[in-house]
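Colleague: sequence and predicted structure, then a few things I'm wondering about:
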Amino acid sequence: MTEPLSTLSTEVLIVGAGPVGLFLACRLAQLGIDFLIVDKRLETVKHSRSIGIHPPSLERLAEMGLAEAFLAKGVKIAGGQAFANTRPLGRLSFEHCPEPFNFILTLPQFETEAILEDALLQLRPEALLRGLELTDLKQEESYRVRFKTQADTKEISASYLIACDGKDSKVRELVGIPFYGEAYPDAYLMGDFADSTELGSDAGIYLTDDGLVESFPLPGGIRRWVAKTDTYIQTPSLESLTSLIEARLDHKLLLETNTMLSGFGVQHFLASQFVKGRTLLAGDAAHVLSPIGGQGMNLGWLDAWDAARALEAILKKGKAPKSSLQAYALKRKKAARTAIARAAFNMQLGRKTPFAPLKYAFVRLMLNSPLERLFARIFTMRWL
Ligand SMILES: Cc1cc2nc3c(=O)[nH]c(=O)nc-3n(C[C@H](O)[C@H](O)[C@H](O)COP(=O)(O)OP(=O)(O)OC[C@H]3O[C@@H](n4cnc5c(N)ncnc54)[C@H](O)[C@@H]3O)c2cc1C
């Protein structure tokens, strides 16, 4: 007979089985650390958010023995072609970035989560508990964390608590960590269509007089289009995106092939502390950044990697908890600040401006000078 949940206790409790919680769980299982991971959802969400997986993440997935599973399903982006309206400005090439991951891989987020969940189920199937929503917690000798399920309430006690429960983190709220930030004035439309471009495996970055348009190849001959809009459109029509692309790029999207369409606004938020007591924040629970540049999930994975190292140092190598956790907090907060600034720069480049000719000249110069290599490294999330 299985033990009732109310008597469960564990060394590390991960709240949230999104991409960051699942990644951390796989890593802790490989390091031989005792943990449980809980999520209020019974299954993952199918709506596609993240698509870009950057080289630093691929390097860590390779160390975990998971890179092959991602490479088998994703599409490799070798570079990005930039345009001023429809006039070519140059190409940002990732090919001279360090091998073997000298590309950005694209894969819809629900497929990423499925690969990680499959890996976790191979490594430690009993550690994943779905259908439990965290509602309350007490910190005594250990944490006592309360969950509601469809039928009743459960309690789990744990020495360390890792918040991977996303931007509206209940853990962050209950341990009392302020989350500072605001919405940007920018809004975007995005949609997936059969690829009708000649860009092959390159991304297309169009700086137009009316605002940014980007397109990225996805598995299955699909291309994701993202276009800046003047206002947030909550329930967009297909025509709102296709007519905008046609007006800005003179390019017709294949209407009948559309598989996803949505509008989104963008924000930036940063937790005032990444560690409080024995609670660690990781992923969107710690930082929210604009998706322009595709960094949020990757940054969360880098948090998870460092959180796992800190826990390994404490639980397996007998290092002092305070200094290991402080080092985690300092490094990850600095990285989050840098990523937020990079995302803000990306958005600034994509805004309408009366100085558009100057902007186009700057980008042309950047792409056709030795600085191009530096920018390729920045765009592939190095130094975070
Ligand atoms: C349009 C868009 C495009 C994006 N593109 C990219 C990209 O290309 N590259 C990139 O790196 N990032 C991208 N991002 C960002 C990325 O989607 C997020 O950074 C990522 O989902 C964060 O993962 P997470 O695991 O921290 O949080 P989440 O994905 O939010 O997962 C949190 C989990 O916690 C669970 N949970 C919440 N509350 C509770 C509770 N009380 N009890 C139990 N469980 C709970 C939820 O059910 C959920 O499963 C994009 C985002 C958007 C909106």
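Modeller: Arrived safely. Just so it is clear, the structure is predicted and the values come from calculations on it, not from any experiment.
Colleague: how much space is there between residue 280 and residue 366?
Modeller: Distance from residue 280 to residue 366, counting by C-beta to C-beta, to the nearest Å: 37 Å. For glycine as for every other residue, the C-beta is placed from the backbone atoms N, C-alpha and C.
Colleague: next: residue 46.
Modeller: With distances taken as C-beta to C-beta, residue 46 is found 38 Å from residue 366.
Colleague: more neighbours: which of the two?
Modeller: Neighbours were counted for residue 46 and for residue 366 using other C-beta atoms under 10 Å; residue 366 has more, 16 against 11.
Colleague: can I get stretch 214-226 in PDB, CA atoms only?
Modeller: Extracted in PDB, the C-alpha atoms of stretch 214-226 (Å, rounded to 0.1, in the frame of the first residue of the first chain):
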ATOM      1  CA  GLU A 214      10.500  38.400 -36.600                       C
ATOM      2  CA  SER A 215      10.200  34.800 -37.900                       C
ATOM      3  CA  PHE A 216      11.700  31.600 -36.800                       C
ATOM      4  CA  PRO A 217      11.700  28.100 -38.300                       C
ATOM      5  CA  LEU A 218      10.000  25.400 -36.200                       C
ATOM      6  CA  PRO A 219       9.800  21.600 -36.600                       C
ATOM      7  CA  GLY A 220       7.500  20.300 -39.300                       C
ATOM      8  CA  GLY A 221       8.100  23.000 -41.900                       C
ATOM      9  CA  ILE A 222       6.400  25.600 -39.800                       C
ATOM     10  CA  ARG A 223       7.500  29.200 -39.200                       C
ATOM     11  CA  ARG A 224       6.600  31.400 -36.200                       C
ATOM     12  CA  TRP A 225       5.900  35.000 -36.900                       C
ATOM     13  CA  VAL A 226       6.000  37.700 -34.200                       C
END
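Colleague: isn't residue 351 right up against residue 228?
Modeller: Yes. Contact status for residue 351 versus residue 228: in contact at 7.3 Å, counting by C-beta atoms under 8 Å.
Colleague: list residues touching both of these two?
Modeller: Shared contacts of residue 351 and residue 228, defined by C-beta atoms under 8 Å, 6 or more residues apart in numbering, comprise 186, 211, 212.
Colleague: and the pLDDT at the nearest residue to the last one once chain neighbours are set aside?
Modeller: In space, residue 212 comes closest to residue 350 once its chain neighbours are excluded; the distance is 2.7 Å by C-beta to C-beta, 6 or more residues apart in numbering. What the model reports for residue 350 is a pLDDT of 94.
Colleague: how's the chain carved up into domains?
Modeller: Domains of the chain are assigned by automatic domain parsing as 5-51+108-178+272-349, 182-266+351-379.
Colleague: quick one: end-to-end length of the last one, please.
Modeller: By that I understand domain 182-266+351-379. 24 Å (C-alpha to C-alpha, to the nearest Å).
Colleague: is it in proximity to the ligand?
Modeller: Yes. Figure legend: domain 182-266+351-379 in contact with the ligand (C-beta under 6 Å from any ligand atom); contacting residues residue 264.
Colleague: likewise for the first one?
Modeller: Yes. Contact of domain 5-51+108-178+272-349 with the ligand (C-beta under 6 Å from any ligand atom) involves 15-21, 38-41, 49-51, 109, 133-134, 164-166, 170, 283-284, 291, 294-298, 300.
Colleague: before we move on, what SS does residue 191 have?
Modeller: Of the three states, residue 191 takes strand according to DSSP: H, G, I helix; E, B strand; the rest coil.
Colleague: what's opposite it in the beta bridge?
Modeller: Beta-bridge pairing of residue 191 under DSSP bridges involves residue 225, residue 261.
Colleague: what sits against it?
Modeller: Residue 191 makes contacts with 224, 225, 238, 241, 253, 258, 260, 261, 262, as judged by C-beta under 8 Å, 6+ apart.
Colleague: which of the residues you listed lies closest to the ligand?
Modeller: Closest approach to the ligand among the contacts of residue 191 (C-beta to the nearest ligand atom): residue 262, at 7.4 Å.
Colleague: would you mind listing the residues in contact with the closest one?
Modeller: Per C-beta under 8 Å, 6+ apart, neighbours of residue 262: 47, 189, 190, 191, 236.
Colleague: now do residue 9
Modeller: Per C-beta under 8 Å, 6+ apart, neighbours of residue 9: 142, 156, 157, 158.
Colleague: doesn't it fall inside a strand?
Modeller: Yes. Judged by three-state DSSP, residue 9 forms part of a strand.
Colleague: confidence score at it?
Modeller: pLDDT, residue 9: 94.
Colleague: thinking again about what came up before, for the residue nearest to residue 212, phi and psi?
Modeller: phi -90, psi 0 (degrees, to the nearest 10).
Colleague: distance check, it against the ligand.
Modeller: As for residue 350, its distance to the ligand is 14 Å (criterion: C-beta to the nearest ligand atom, to the nearest Å).
Colleague: what about that residue, how many residues nearby?
Modeller: That count, for residue 350 with other C-beta under 10 Å as the rule, works out to 23.
Colleague: spell out the secondary structure type for the residue nearest to residue 174 when sequence neighbours are not counted.
Modeller: In space, and not counting its chain neighbours, residue 174 is closest to residue 137: 5.2 Å by C-beta to C-beta, 6+ apart. Of the three states, residue 137 takes strand under three-state DSSP.
Colleague: how much space between residue 137 and residue 267?
Modeller: Residue 137 is 26 Å from residue 267, where distance means C-beta to C-beta.
Colleague: in the stretch 151-300 of the chain, which spans are helices?
Modeller: Applying DSSP state H, counting those that start in this stretch to the stretch 151-300 of the chain gives helices spanning 170-175, 238-249, 296-315.
Colleague: which of these sits most buried?
Modeller: helix 296-315 (a mean of 24; mean count of other C-beta atoms under 10 Å).
Colleague: quick one: mean pLDDT over that helix.
Modeller: Across helix 296-315, the average pLDDT comes to 98.
Colleague: packing partners of that helix?
Modeller: Contacts defined by 3 or more C-beta pairs under 8 Å, 6 or more residues apart in numbering; DSSP states H and E place helix 296-315 against strand 8-15, helix 19-30, strand 52-53, helix 55-63, strand 279-281, strand 287-288, helix 321-350.
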